[in-house]
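In: coordinates only, sequence not included:
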């Protein structure tokens, strides 16, 4: 039985699977992306959103959301009777500093440019080693999706490799547990210099909901300089691709579309 006509019909119905432009793409309607703040709606002395946040990511006066600690749950939105915090579909949230993840009203979140030397070395070809340092597999699934036909990260010269000795940097997901501390350090040391360090997801950046746990070891993060922070729980693949390409200045980081 010839199944080609049916296969071709299905393929045609699927349309274009590859996302052609990661700088102006759209996300699904239900995607909970970059928060929006309207502090003019906040009554004097109100802290209901601060009290509702499970990761202490929100502070008042001025109203600020730490995207590195935010797990993008709806608790703050549900708690606020005035609608001072809402979620948008925006996925452009990567930053090159921890302070750069602090979202305030009228504030833009964008990574600063890498050095000329880093761009010269890695601008055309970048190999990364993914390390799950105590993750729940949510972030790891999104990292795996970067290689599928939709996001196709390889078209930008960026790929994951099996060995840190073949890598130009590492991408850490998970809370960096005590059990992974030695393996994480050994992986980083095996990457030739110069090397990039990227934190992927709230757990890697701040510990997420596991902040303060005795099984979380943050010494590695405190010891080494981080080049790029990718917030989310888990981050959208587009957040990773856009952030990394903006950092390498392969796209315009000041394009503040979707």
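Out: All right, it came through fine. As the structure is a prediction and not an experimental result, all values here were calculated from the model. Numbering: from 1, shown residues only.
In: how much space is there between residue 78 and residue 238?
Out: From residue 78 across to residue 238, the span is 26 Å (C-beta to C-beta, to the nearest Å). The way it works is simple: take the backbone N, C-alpha and C, and place the C-beta from them, glycine included.
In: So for these two, which residue has more residues nearby?
Out: Ranked by neighbour count (other C-beta atoms under 10 Å), residue 78 and residue 238 place residue 238 first, with 24 against 12.
In: Quick check: phi and psi at the more buried one.
Out: Residue 238 adopts backbone torsions of phi -70, psi -30, taken as degrees, to the nearest 10.
In: what's near enough to touch residue 187?
Out: 129, 131, 164, 170 (C-beta atoms under 8 Å, 6 or more residues apart in numbering).
In: cool, residue 53 as well?
Out: Applying C-beta under 8 Å, 6+ apart to residue 53 gives the contacts 70, 75, 76.
In: State the pLDDT value of it.
Out: Looking at residue 53, its pLDDT reads 97.
In: Tell me where this protein has helices.
Out: In the chain, the helices defined using DSSP state H lie at 4-14, 48-52, 75-79, 116-122, 138-145, 181-190, 202-206, 219-223, 237-247.
In: for the chain, what are the low-confidence residue spans?
Out: 1-4, 11, 14, 16, 253-258 (pLDDT under 70).
In: any idea which of the helices of the chain is most buried?
Out: With neighbours defined as mean count of other C-beta atoms under 10 Å, the helices of the chain peak in mean count at helix 202-206, which reaches a mean of 28.
In: packing partners for it?
Out: If contacts are counted by 3 or more C-beta pairs under 8 Å, 6 or more residues apart in numbering; DSSP states H and E, helix 202-206 sits against strand 169-173.
In: The strand it packs on vs helix 138-145, what angle?
Out: Calculated by axes from the mean of the first three to the mean of the last three C-alpha atoms, to 10 degrees, strand 169-173 forms an angle of 140 degrees with helix 138-145.
In: For the residue lying closest to residue 31 once chain neighbours are set aside, grab phi and psi.
Out: Counting by C-beta to C-beta, 6 or more residues apart in numbering, residue 89 is the residue found nearest to residue 31 once chain neighbours are left out, at 5.3 Å. Reported as degrees, to the nearest 10, the phi and psi values for residue 89 are phi -90, psi 10.
In: Report whether the expected contact of residue 245 with residue 22 is present.
Out: Yes - in this structure residue 245 lies within contact range of residue 22 using C-beta atoms under 8 Å: 6.7 Å.
In: Give me the common contacts of those two.
Out: When C-beta under 8 Å, 6+ apart defines a contact, the residues bordering residue 245 and residue 22 alike are residue 251.
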